[in-house]
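Asker: would you be able to build a 3D model of this:
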Amino acid sequence: MLNDRSLFEFKFLDLIRNSTIIGIDPSKNAIKRAQETKSSTQFQHMGDTTKIPFPDHTFDIVIAADVLEHIHDLHTVIKEIKRVLKRDGSIIFDTINRTYFSFVMTIWLAQDIFKYVPADAHDWRMYSKAFLDIPELGDRADLVFS
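Answerer: Next comes the predicted model:
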């Protein structure tokens, strides 16, 4: 651990230093916890993940960290992310691959054994099948992956 910051935070620190950062989440509890951090980030609740509450072409970058594996209508959400991105904008995401290892780590250990996350936090069937799901999803939303 690097001073309690992830490598991801360090890599993008310069990029976001002079930026307005807005965090959105469908969970009111998650927004409340985020607001308690006293971060300069603006946080707001969004009830429906298929309707991001911002005008077209608002953002240079959308970061979806540990989000996509919780989305039931992934195609619609990706199209919605594309809608709020500026024309040359970027989406940065990570998601959990559907592997035996991910099942053991996230479902069996984190949820069932250690109860680190709520019992219904993950549905292994919704995890990505690695590189099989994502390119096809990008094609359907007219996104270019690089």
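
Asker: is the residue nearest the centre of the chain bridged to anything, and to what?
Answerer: Residue closest to the average C-alpha location in the chain (Cα atoms, centre = their mean): Ala64, at 2.4 Å. Counting by DSSP bridges, Ala64 forms beta bridges with Phe93.

Asker: I'd guessed it sits against Ser90; true?
Answerer: No - contact criterion Cβ atoms under 8 Å: Ala64 and Ser90 do not qualify, at 11.3 Å. (Each C-beta comes from the backbone N, C-alpha and C, glycine too.)

Asker: which ones are touching the spatially closest residue to Leu68 that is not a sequence neighbour?
Answerer: If you skip the residues right next to it in sequence, Leu68 has Thr95 as its closest partner in space, 4.2 Å away by Cβ to Cβ, 6 or more residues apart in numbering. Counting by Cβ atoms under 8 Å, 6 or more residues apart in numbering, Thr95 makes contact with Asp66, Val67, Leu68, Glu69, Tyr127, Ser128, Ile134.

Asker: so the fourth one: helix, strand or coil?
Answerer: Reduced to three states with DSSP: H, G, I helix; E, B strand; the rest coil, the structure at Glu69 is helix.

Asker: give the burial count for it, as a bare number.
Answerer: 21 (other Cβ atoms under 10 Å).

Asker: what's near enough to touch it?
Answerer: Thr95, Ile96, His122, Asp123, Met126, Tyr127, Ser128.

Asker: now do the third one
Answerer: Leu68 sits next to Leu74, Val77, Phe93, Thr95, Ser128 when contact means Cβ under 8 Å, 6+ apart.

Asker: now stretch 42-51: average pLDDT?
Answerer: Mean pLDDT, stretch 42-51: 82.
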